[in-house]
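**Q** turn this into a structure:
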Amino acid sequence: MTSGESRLDLEAIFELQYERNARVIARVLRDPARAEELAVEVLLKWSRHPKAHGENAQAWLYRVAVRTGLDELRRESRRMRREQLLAFCRKPPTPEEIHVSNQERERVRAVLAVIPTRDAELLVLRSDGLSYEELASALCLRPSSIGTFLNRAGQTFRKEYVKRYGHQ
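**A** As a prediction, the model looks like this:
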């Protein structure tokens, strides 16, 4: 068999089995997006196991898809248990910590209220995770100048904060 023939076989198996594997895994996980990712992994595993090729390929793929879904389900279950344990071990914030946090938020709001509007907008939007391109689009600025504007806005914010509340 030439490499071209094996490539065609792989593509044919992919087209024939991908959706079926994704459905099987999705039934186990109840997460179609993750099931699609895992279905690709199953097909890659199949392509690396020449003994799985041949007349039993469908059965092998089905069995591995089910096992892959179950393995993912177990991993997710263990992860959730660890997260619950960590959440249980973490102590809730004290009233003092809550007060300090609220006070800091109020200070930030007060400073944002007095600095130039564009600076405040830049800082708030960037803290929400907008990219430079998204910031430029939202504020009608050139993307190449966003870094400079953000730097200046940060300096303006720091100066005003220190002026009002002392050192950060």
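
**Q** other SSEs contacting the helix or strand harbouring Tyr161?
**A** Mapping Tyr161 onto the secondary structure by DSSP states H and E places it in helix 146-165. Helix 146-165 makes packing contacts with helix 95-114, helix 117-127, helix 132-139 when contacts are defined by 3 or more CB pairs under 8 Å, 6 or more residues apart in numbering; DSSP states H and E. In this view, the C-beta of every residue, glycine as well, is placed from N, C-alpha and C.

**Q** quick one: it to helix 95-114, angle?
**A** Calculated by axes from the mean of the first three to the mean of the last three CA atoms, to 10 degrees, helix 146-165 forms an angle of 120 degrees with helix 95-114.

**Q** any idea of the mean pLDDT for helix 146-165?
**A** Model confidence over helix 146-165, given as mean pLDDT, is 94.

**Q** now do stretch 85-98
**A** The pLDDT scores in stretch 85-98 average 83.

**Q** what's in contact with it?
**A** Stretch 85-98 has contacts (CB atoms under 8 Å, 6 or more residues apart in numbering) with Ser101.

**Q** span of that stretch from start to end?
**A** End-to-end distance of stretch 85-98 (CA to CA, to the nearest Å): 23 Å.

**Q** follow-up on the earlier one: which residues does the helix holding Tyr161 contact?
**A** Under the criterion CB under 8 Å, 6+ apart, residues 107-108, 110-112, 114-116, 118-120, 122-123, 126, 132, 135-136, 141, 168 lie in contact with helix 146-165.

**Q** now the residues you listed: which count as buried?
**A** Val111, Leu112, Ile115, Asp119, Ala120, Leu122, Leu123, Arg126, Tyr132, Leu135, Ala136, Leu141 (16 or more other CB atoms under 10 Å).

**Q** Leu150 versus the first one, what's the distance?
**A** Applying CB to CB, to the nearest Å, one obtains 16 Å for the distance of Val111 from Leu150.

**Q** what's the answer for the second one, then?
**A** In this structure, Leu112 and Leu150 are 14 Å apart, going by CB to CB.

**Q** tell me which residues of the helix or strand Val66 falls within are tucked away?
**A** Here Val66 sits within helix 57-89, counting by DSSP H and E. For helix 57-89, a neighbour-count test (16+ other CB under 10 Å) marks Ala57, Trp60, Leu61, Val64, Ala65, Val66, Thr68, Gly69, Glu72 as buried.
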